[in-house]
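Trainee: here is my input; please provide its structure:
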Amino acid sequence: MKPVLSIPAPSEGTADALLKWFDENKRDLPFRKPAKTTRADPYHVWISEIMAQQTQIDTLVPYYNRFVEKFPTLDALAEASEQDVLKAWEGLGYYARARNLRKAAVEIKALGEFPRTPEALSKLPGIGPYTAGAVASLAFNERATAVDGNVMRVAARLMDSPADTALPATRNLISNWLLTWMPEDRPGDFNEALMELGALVCTPKSPSCLICPWRSCCLALARGTIAKRPVKSKKIKHRQQKIAAALVKDPDGRLLILKRPDKGLLAGLWGLPAVAYTNKQAGLSQLTALISEKLGLAVPKPVFVKNDRHVFTHITWQIAVYRCDLSVSASPKDPDWLFASAEALNQAYPLPTAFSKLL
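Mentor: As a prediction, this is how the structure comes out:
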């Protein structure tokens with residue numbers, strides 16, 4: 001269906017009403033600009049926006065604080081190893097974001113300055129239209145939109161639009177339309193205000209329309225269609241996969257871990273020995289054989305510990321967890337497999353949540 005933008009041009013004072021609400025109600029977040037400055041720091045804005053792509057703001061704040069404490073400047077991030085960056089990202093998931101952050105930091109350092117425009121920012125690894133617009137407007141006061149899920153929802157309700165917000169064409173139309181609302185002097189604040197309105201007031205369920213600064217011009221509220229907006233096509237069908245994973249420890253209590261392939265789910269991260277299976281007994285036999293092969297010795301049959309599950313975007317792992325305690329020391333034949341102490345796991349090896357919660 002072709003997107004429908006039925007709302008007229010904004011009336012005088014519309015943007016002012018939103019910015020007044022934002023000034024009075026915005027959350028105190030560590031990456032927002034200090035009260036007496038006109039711009040936020042581009043490095044901090046960029047880090048926070050990349051983290052926010054797949055993570056709720058309240059959840060990401062402690063991760064953000066730890067990350068910028070470890071990498072306080074762009075140079076520090078550019079000079080860090082990929083493993084150090086992945087370790088600092090541990091627990092946030094979607095680790096390609098961390099890899100792209102480091103790659104982009106290297107490129108920005110080579111440029112000699114932080115790109116200012118959405119066009120220049122979009123050339124960096126991991127930066128799409130939303131992040132480019134957010135950094136350009138928040139850090140450099142560029143007149144650019146930043147259309148995320150919250151903003152799409154606000155706009156769809158404001159316009160009472162039946163257009164499919166999952167379509168890039170709809171996002172582009174909304175972006176262009178919002179430019180007609182954006183004030184010349186505070187584009188960054190306008191973008192943040194829209195995001196904040198979607199996060200705090202115009203929520204997916206049970207929005208607080210009575211306290212919304214735009215309630216007088218919201219077509220969906222006037223027409224009683226709030227619950228039907230936005231319209232979004234169905235996501236890719238979520239599938240289930242059965243996984244057998246092993247907690248293998250040597251006589252010194254060190255845990256057997258392995259570096260996962262550079263492509264695919266959890267690419268390049270460290271994990272436990274694991275196999276996918278359809279038949280549980282066959283899966284256990286395959287897992288035992290894999291461990292024996294990598295260690296070059298016959299290992300005792302792993303003992304079942306518990307069942308667990310981990311939900312990714314398009315797949316859920318149903319995990320059968322086993323334990324195997326070795327009576328002799330072993331040196332893995334594969335260089336991507338090793339035994340790690342608790343201290344090493346804590347400091348050096350990024351173990352994603354799918355595995356770390358099994359320990």
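Trainee: hey, let's count contacts and neighbours off CA atoms from now on
Mentor: Noted.
Trainee: what sits against residue 134?
Mentor: Residue 134 makes contact with 45, 49, 144-146, 188, 191 under the criterion Cα atoms under 8 Å, 6 or more residues apart in numbering.
Trainee: let's see 7 Å
Mentor: Applying Cα atoms under 7 Å, 6 or more residues apart in numbering to residue 134 gives the contacts residue 146.
Trainee: helix, strand or coil for it?
Mentor: Following DSSP: H, G, I helix; E, B strand; the rest coil, residue 134 is assigned to helix.
Trainee: pLDDT at it, what is it?
Mentor: We have a pLDDT of 96 for residue 134.
Trainee: ok, now the one 10 residues further on?
Mentor: Among the per-residue scores, residue 144 holds a pLDDT of 96.
Trainee: next: residue 268.
Mentor: At residue 268, pLDDT is 88.
Trainee: so it sits right up against residue 259, yeah?
Mentor: Yes: here residue 268 reaches residue 259: they are 6.1 Å apart, a contact under Cα atoms under 7 Å.
Trainee: surely residue 116 touches residue 136?
Mentor: Yes: using Cα under 7 Å, residue 116 is in contact with residue 136, at 5.5 Å.
Trainee: quick one: which of these two has more around it?
Mentor: Each of residue 116 and residue 136 has its neighbours counted (other Cα atoms under 10 Å); residue 136 has more, 29 against 18.
Trainee: the more buried one contacts residue 145, correct?
Mentor: No: using Cα under 7 Å, residue 136 is not in contact with residue 145, being 9.0 Å away.
Trainee: distance of the residue most central in space within the chain from residue 60?
Mentor: Nearest residue to the geometric centre of the chain (Cα atoms, centre = their mean): residue 54, 2.7 Å. For residue 54, the distance to residue 60 (Cα to Cα, to the nearest Å) stands at 10 Å.
Trainee: what is the end-to-end distance of stretch 320-339?
Mentor: Across stretch 320-339, the terminal residues are separated by 21 Å (Cα to Cα).
Trainee: next one: stretch 153-172
Mentor: One end of stretch 153-172 sits 14 Å from the other (Cα to Cα).
Trainee: what's the model's confidence in that stretch, averaged?
Mentor: 92.
Trainee: now find how far off-centre it is within its chain.
Mentor: Centroid separation for stretch 153-172 versus its chain: 22 Å, with Cα atoms, centre = their mean, to the nearest Å.
Trainee: please spell out which residues along the helix or strand containing residue 195 are buried.
Mentor: If you go by DSSP states H and E, residue 195 is part of helix 187-200. Across helix 187-200, burial judged by 16 or more other Cα atoms under 10 Å covers 187-199.
Trainee: with pLDDT as extra columns, can I get those residues in CSV?
Mentor: Below are those laid out as CSV (pLDDT from 0 to 100):
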residue, pLDDT
187, 95
188, 94
189, 94
190, 96
191, 96
192, 95
193, 96
194, 96
195, 96
196, 96
197, 97
198, 97
199, 95
